[in-house]
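Colleague: Quick one, what's the 3D model for this:
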Amino acid sequence: MRHSTAKPRLLARCGYNRHAAHLLHSDSIYVVDVRTGKTLLARRADKVRPIASISKLMTAVVARKTHRPLDGVLQVTASDRDMIKFTGSRLSVGSRLSRRDMYHVALMSSENRAAAALSRDFPGGRPAFVAAMNDEARALQMRRTRFRDPTGLSPQNVSTATDLARLVAVAARDPLIHRFTTDRAYVTHPGKGELRYVNSNPVVRFDNWPIVLQKTGFVNEAGHCVVIHVLVHGRPEAIVLLGAPTRQEMVLDASVIHHWLSCSLT
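Modeller: From the prediction side, this is the model:
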């Protein structure tokens, strides 16, 4: 007998129960059926916490609203360097990429200097861009969300799992964000030679889920984070996982939840 998805829920016969949910590694978890808005699983989903590079989804949403030509070229400058965590980058100062490629590597591979360059390109510069990120969060009723930088390197970029589900729903409607967050690999030419990037999410690289949108994130303060908008038997589901101790545990949590969804929503 087929289970009706009119009122979706996770089923015990699929391995889901309170004990199994307790064994998930992520600190904050939120799973919602997008079509009905029904919460299927929540744990500390309203806890405010750093969100790392998941911030780049908002960066893309805000930058896309400027309607700047995708073929226009941006140059990486010294002001795009990471002065928060002092991380390196494969894009050296002076590298030149189209806006399209900046979006691509920022969303697919979490390239920080690409996100920084996109924010600097905003009318009024980076301060105006960050203000626009916060304005957009308020417009989306992401009431517990605050942004301090466009990359997510700042631990003061904070949100909740429930707030991020709102952002995922909006970002998933943009075909460019869908394509670039789900692309497995990409080669770009920033000047001399070429750079090959791969997706930062192992689920995208090695599995065949029908993912509409995803984004990973990590800084020490945030732990390992991921958002995934995935079709389960054609039904859109959003998975938000924040604060997993390791990337492997984050991926395992996502895989377990995906199994529960695939089995329950048939």
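
Colleague: Tell me where the stretch 1-150 of the chain has helices.
Modeller: Taking DSSP state H, counting those that start in this stretch to define them, one finds helices in the stretch 1-150 of the chain at 18-22, 55-64, 99-109, 112-120, 125-139.

Colleague: mind putting these in JSON lines, distance to residue 32 and mean pLDDT included?
Modeller: Where you see a C-beta, it was placed from the backbone N, CA and C, and this is true even at glycine. Output for these, formatted as JSON lines (distance: least, CB to CB, whole Å; pLDDT from 0 to 100):
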{"stretch": "helix 18-22", "distance to residue 32": "15", "mean pLDDT": "96"}
{"stretch": "helix 55-64", "distance to residue 32": "16", "mean pLDDT": "98"}
{"stretch": "helix 99-109", "distance to residue 32": "22", "mean pLDDT": "98"}
{"stretch": "helix 112-120", "distance to residue 32": "26", "mean pLDDT": "98"}
{"stretch": "helix 125-139", "distance to residue 32": "18", "mean pLDDT": "98"}
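
Colleague: between the ones you listed, which one is nearest to residue 153?
Modeller: Closest to residue 153 of the helices of the stretch 1-150 of the chain is helix 112-120 (CB to CB; 6.3 Å).

Colleague: and the closest one, how far out from the chain's middle?
Modeller: Relative to its chain's centre, helix 112-120 lies at 16 Å (CA atoms, centre = their mean, to the nearest Å).

Colleague: Look up phi and psi at the residue most central in space within the chain.
Modeller: The centroid of the chain falls nearest to residue 215 when counting by CA atoms, centre = their mean (2.6 Å). Dihedral pair for residue 215: phi -160, psi 130, per degrees, to the nearest 10.

Colleague: same check, this time on the one 3 residues further on
Modeller: When read as degrees, to the nearest 10, the backbone of residue 218 gives phi -160, psi 130.

Colleague: Over to residue 151?
Modeller: Torsion angles at residue 151 (phi, psi; degrees, to the nearest 10) stand at phi -100, psi -30.

Colleague: doesn't residue 115 make contact with it?
Modeller: Yes. Judged on CB atoms under 8 Å, residue 151 makes contact with residue 115 at a distance of 4.7 Å.

Colleague: can you pull the buried residues of the longest helix that the chain contains?
Modeller: Looking across the chain with DSSP state H, the single longest helix is helix 247-264. Within helix 247-264, the residues that count as buried by 16 or more other CB atoms under 10 Å are 247, 249-254, 256-258, 260-261, 263-264.

Colleague: The residue nearest to the centre of the chain pairs with what?
Modeller: Beta-bridge pairing for residue 215 (DSSP bridges): residue 227.

Colleague: which residues sit in contact with residue 98?
Modeller: By CB atoms under 8 Å, 6 or more residues apart in numbering, residue 98 lies in contact with 70-74.

Colleague: Could you tell me which residues make contact with residue 7?
Modeller: Neighbouring residues of residue 7 by CB under 8 Å, 6+ apart: 36, 38.

Colleague: On the pLDDT front, check it for me.
Modeller: Residue 7 is assigned a predicted lDDT (pLDDT) of 84.

Colleague: Tell me the spacing between it and residue 36.
Modeller: 8 Å (CB to CB, to the nearest Å).

Colleague: For residue 170, give its distance to residue 92.
Modeller: According to CB to CB, residue 170 and residue 92 sit 33 Å apart.

Colleague: Over to residue 119?
Modeller: Relative to residue 92, residue 119 is positioned 19 Å away (CB to CB).

Colleague: Now for residue 151 and residue 115: what residues contact both?
Modeller: Here residue 151 and residue 115 share the contacting residues 56, 59, scored by CB under 8 Å, 6+ apart.
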